[in-house]
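Q: Return a 3D structure for these sequence lines:
(chains A and B)
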Amino acid sequence: MPLVTRHSYNATLASAPQFAQDHITSLTMQKQLQQLLQAAIRKLQSQGVVPGDLSPEIGIERTRDKKHGDFASNVALSLARPARRNPRELAQAIVDALPATDAVSRVEIAGPGFINFTMNDDARRGIVRAILEQNDAYGRSQIGKGRRIQVEFVSANPTGPLHVGHGRGAAYGAAVADLLSACGFSVEREYYVNDAGRQMAILACSVWLRYLEICGESFTFPSNGYRGAYIKEISQSVADKHGEAFRYAADIVFSNIPADADGQGNGDKEAHIDALIERCHALLGDENYAVFADAALENILGDIRDDLGEFGVEYEHWYREHTLVNSGKVEAAINHLRDAGHLYEADGAWWFRSTAFGDEKDRVVIRENGQLTYFATDIAYHAEKIERGFDQIIDVWGADHHGYVPRIRASLQAMGHDPERLEVLLVQFAILYRHGQKAQMSTRSGEFVTLRELRDEVGNDAARFFYVLRKCEQHMDFDLDLAVSKSNENPVYYIQYAHARVCSVMRQLAERGLDWNETVALASLDRLQETHEEDLLDTLARFPEIVEASALNREPHQLAYYLRDLATALHTYYNAHQFLVDDIAVRNARLALILATRQVLKNGLRLLSVSAPESM
RNA sequence: GCCCCGGUAGCUCAGCUGGAUAGAGCGUCCCCCUCCUAAGGGGAAGGUCAGAGGUUCGAAUCCUCUUCGGGGCACCA
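A: Okay, here's the model as predicted:
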């Protein structure tokens, strides 16, 4: 069972072919070719040349080398064996059966049996008109057909500020969600707030202990507590509001508490903190304990929300774990599994028989002490997501959680849901390098590098872009020195500069007292004859394909690489040719081309939440 | 021991899901502003696609084994 669902966009076409040449975008060029080939193969099937029961995937790809035309299909190669024909011979038969069309100027058979298509120059240049008409919509599509997809990402425990590891999940998840949205999927972004577990208890307890220190008590802070400066700030806010109402003497708080770990193998930090949590509860009572827990949660969650918001990451839903627990849905899910015979009791705990669904061992859902495991609430949460009616749910997790995937799938199956509805995208770690050295990332040490610090240092644009420059399963070395450098080494500036450059040309145009005339431009597109112009046209035409592939494969890095290619094509063109020439037709045609380029740069950067500055 | 991810140019990484002569950025070397921003461009050098088998017309890509690196294998979250 693949963790990552792959999608092919070599669709087998069912609809009747239409060969209209208006408003050709590359995507339709590719689809048109598919339809042409489909028609040809149907014809051969009706003639008995190709077995009639085949419905071959018609692969069309852009050629790497212009000598091979614009597009190539290997369909004759893949059909050769079932048709028991020589590939080149079959290719010739297919070509002979192709319906006539204006969009294609040349069809050739090459190599072992590729069918190469060269597009008509007018069709190629038509992309400029299409882009200028569609503006911000160029690149968007409706292939998602409104299917509902939920993307859950980041979902860091609200026990401290986001660090740079979360940043990668944030940038990646947001880009995937935005890409899907651009492709016509109905996307809902969700952050799951773990506000009901042991970590929250440790957090509340940590805040209380710092509060006691502020009140004047002195003791050794537990090694397993949260030590960040933000904890003291929260404690201070409680102290400001409530004075010493929750103060207890340190010797009372710490009496009969098992010893903390001392770093030399003595003591038990887990037992120590658990006992302190219990003591905290006992001394404060539910209501006063909640003062600390709520202060901590609201403060930290608010900070996370602001942090992500500034990073260009917004959610439709912030889903609280405690509402899931309080609603009885966790209990209901457990009962459901128990009634269906998927649970058993052993060693005083309740186990889910996940091995029956392919997991490598059974998993505890209710601990010996009666507490639900994190897994138990996750069973209910994922079942609930499916029940909310999403066609697909995507979880973006850190790669360290990969072992968790089989049990979640198992639970969905046991709950009577299709486990294929869940897609888990595992994001590998981002390791930050500062001055050639690994940066500390521990959330407990208080010395970690936060997402906010990263954003402050390199800026949102560089951070967003760098994070999606690697595919998610690739380990990432995040080079701070590179991201912060405002030089040509930095790909973000390179792309943004291309955008700014076009703006600059338009300013120059105005300074020289000249106008851009769209009517003249669109009527003069045939004046775009240079090789650099052809390259740019082809690159522009690829954009919708890139957006689609990036979305369907959940690979925003494809878009990032594309944008750099597009910027290169623009810079190369800029260096090779003058745009503001005397010939009105040529000038306007060239300006139309670079304005179309600017539009695509802007649309692409926007999908990654990177700004497109007008000057730099 | 088992599971997941990775190993492609000196470095960091792409490689369109099996196609045509393996690419980019950085670094190194050479060159280009009387010209719309040189935050740019052109060129050169640089490869046993970790290794070995296999699948087929065809493999960096798929399968198996080996090896190296990262991560995971709780009644933690």
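Q: got the residue ranges for the strands in the stretch 401-550 of chain A?
A: Secondary structure of the stretch 401-550 of chain A, counting by DSSP state E, counting those that start in this stretch: strands at A:422-427, A:430-434, A:437-438, A:476-479.
Q: is the one helix or strand in chain A whose mean pLDDT sits lowest up against RNA strand B anywhere?
A: Across the helices and strands of chain A, mean confidence by mean pLDDT, DSSP states H and E is lowest for strand A:437-438: a mean of 74. No - between strand A:437-438 and RNA strand B, judged by CB under 7 Å from any atom of the strand, nothing touches; the nearest distance is 10.8 Å. Where C-beta positions appear, they are placed from N, C-alpha and C, glycine not excepted.
Q: The strands of the stretch 401-550 of chain A: which one's closest to A:S223?
A: Minimum separation from A:S223 across those (CB to CB) falls at strand A:437-438, 22.8 Å.
Q: Neighbouring strands - and their directions - for the closest one?
A: strand A:430-434 (antiparallel) (DSSP bridges).
Q: So which bits of the stretch 1-150 of chain A are right by RNA strand B?
A: Near RNA strand B, when you scan the stretch 1-150 of chain A using CB under 7 Å from any atom of the strand, you find A:3, A:6, A:8-10, A:59, A:61-65, A:67-68, A:72, A:74, A:77-78, A:80-81, A:87, A:110-112, A:114, A:116.
Q: which of these count as buried?
A: A:63, A:68, A:72, A:74, A:77-78, A:80, A:87, A:114, A:116 (16 or more other CB atoms under 10 Å).
Q: Now the two most distant members of the residues you listed.
A: The two members of those with the most space between them (CB to CB) are A:T63 and A:A80, at 20.2 Å.
Q: What residue in the stretch 201-350 of chain A comes nearest to RNA strand B?
A: Closest residue of the stretch 201-350 of chain A to RNA strand B, CB to the nearest atom of the strand: A:D347 (2.8 Å).
Q: What is the burial count for that residue?
A: Here the count is done by other CB atoms under 10 Å, and A:D347 has 7 residues near it.
Q: Give me the pLDDT for it.
A: Model confidence at A:D347, given as pLDDT, is 91.
Q: Quick check: nearest residue in space to it, chain neighbours excluded?
A: A:E368 (6.8 Å; CB to CB, 6 or more residues apart in numbering).
Q: what's the pLDDT at the one you found?
A: Looking at A:E368, the pLDDT reads 91.
Q: what's the longest helix in chain A?
A: helix A:269-310 (DSSP state H).
Q: ok, that helix near RNA strand B or not?
A: No - using CB under 7 Å from any atom of the strand, helix A:269-310 stays clear of RNA strand B, with a minimum separation of 7.9 Å.
Q: For that helix, what is the distance to the chain centroid?
A: 31 Å (CA atoms, centre = their mean, to the nearest Å).
Q: now swap in stretch A:316-333 and tell me
A: 25 Å.
Q: got the CA coordinates for that stretch in CSV?
A: Only the C-alpha atoms of stretch A:316-333 are listed here, as CSV (Å, rounded to 0.1, in the frame of the first residue of the first chain):
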residue,chain,number,x,y,z
GLU,A,316,-10.2,27.1,7.9
HIS,A,317,-10.4,25.1,11.2
TRP,A,318,-8.5,24.8,14.4
TYR,A,319,-9.8,21.5,15.8
ARG,A,320,-9.4,21.1,19.5
GLU,A,321,-8.7,17.7,20.8
HIS,A,322,-10.6,18.3,24.0
THR,A,323,-13.8,19.0,22.1
LEU,A,324,-13.3,15.6,20.5
VAL,A,325,-12.9,14.0,23.9
ASN,A,326,-15.8,16.0,25.5
SER,A,327,-18.2,15.2,22.7
GLY,A,328,-17.9,11.5,23.6
LYS,A,329,-16.7,10.7,20.1
VAL,A,330,-13.6,9.0,21.4
GLU,A,331,-15.6,6.8,23.8
ALA,A,332,-18.0,6.1,20.9
ALA,A,333,-15.2,5.1,18.6
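Q: Counting neighbours, show which residues of that stretch come out buried.
A: A:319-321, A:324-325, A:329-330, A:333.
Q: Same list (these) but as CSV, adding secondary structure and distance to RNA strand B.
A: Shown next, in CSV, are these (DSSP: H, G, I helix; E, B strand; the rest coil; distance: CB to the nearest atom of the strand, whole Å):
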residue, secondary structure, distance to RNA strand B
A:Y319, strand, 14
A:R320, strand, 13
A:E321, helix, 8
A:L324, helix, 12
A:V325, helix, 11
A:K329, helix, 17
A:V330, helix, 13
A:A333, helix, 16
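Q: Tell me which two of these sit farthest apart.
A: A:R320 and A:A333 (16.7 Å).
Q: quick one: is stretch A:373-387 near RNA strand B?
A: Yes - Stretch A:373-387 reaches RNA strand B (CB under 7 Å from any atom of the strand) through A:373-375.
Q: Of those residues, which belong to helices?
A: Reading helices off the residues of stretch A:373-387 next to RNA strand B with DSSP H, I get A:374-375.
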